[in-house]
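Student: here's my sequence, what's the structure:
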Amino acid sequence: MSQRIVIALGGNALGNTPKEQLTLVTETAKPIVDLIEQGNEVIIAHGNGPQVGAINLGMSTAAECGAMSQGYIGFHLQNAIGNELARRGIVKDVATVVTQVLVDEADPAFQHPTKPVGAFYDKETAERIAREKGYTMVEDAGRGYRQVVPSPKPIDVIEKHTIRALIQDGCV
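Tutor: Numbering: from 1, shown residues only. Presented below is the predicted three-dimensional model:
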């Protein structure tokens, strides 16, 4: 029996460099295509904390950093899954959607950043980055210091109709 399967890939599971990410998503594509080959409908979501943090070091707005990381992670996943489908002779469209969420501008999360993003740093480096860039840095699970950003509760996904149409059309 065909099932709808939603796969969530964490940003930390996608590697620390674009090259490492490309290798990892190529391997990840194989079990995903196994599910598709079994007749399942597959939807993939991914995290992007480390990637957004890396992009953010060179940019100034979180929205653009999120879109950039969604785009390049989606591009890698889309290509890896598409290549694996083609290798198996399966004709199926794969699409990437850069999404936006609607949040309440009064959400208290904007005043209390809690979402870790980016690389891990030692205390001295974290303090220097915090001074230079105005970031909030916190110790994260004994692995070092990371930037934290606001994580307001999503109210809606702006592109939900596009996503629904792609799913109904059989797209991965």
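Student: what's Tyr145 sitting at in phi/psi?
Tutor: Backbone geometry at Tyr145, expressed as degrees, to the nearest 10, gives phi -110, psi 140.
Student: give the contact list for the closest residue to it other than its chain neighbours.
Tutor: Nearest non-adjacent residue to Tyr145, counting by C-beta to C-beta, 6 or more residues apart in numbering: Ala126, 3.4 Å away. Where you see a C-beta, it was placed from the backbone N, CA and C, and this is true even at glycine. Contact analysis of Ala126 by C-beta atoms under 8 Å, 6 or more residues apart in numbering lists Met137, Gly144, Tyr145, Arg146.
Student: any idea how far Ala126 is from Pro50?
Tutor: According to C-beta to C-beta, to the nearest Å, Ala126 stands 15 Å off from Pro50.
Student: you'd agree Ile155 is in a strand?
Tutor: Yes. Assessed with DSSP: H, G, I helix; E, B strand; the rest coil, Ile155 lies in a strand.
Student: are any of the contacts of Ala126 buried, and which?
Tutor: If you count burial by 16 or more other C-beta atoms under 10 Å, the buried members of the contacts of Ala126 come out as Met137, Tyr145, Arg146.
Student: many thanks, have a good one.
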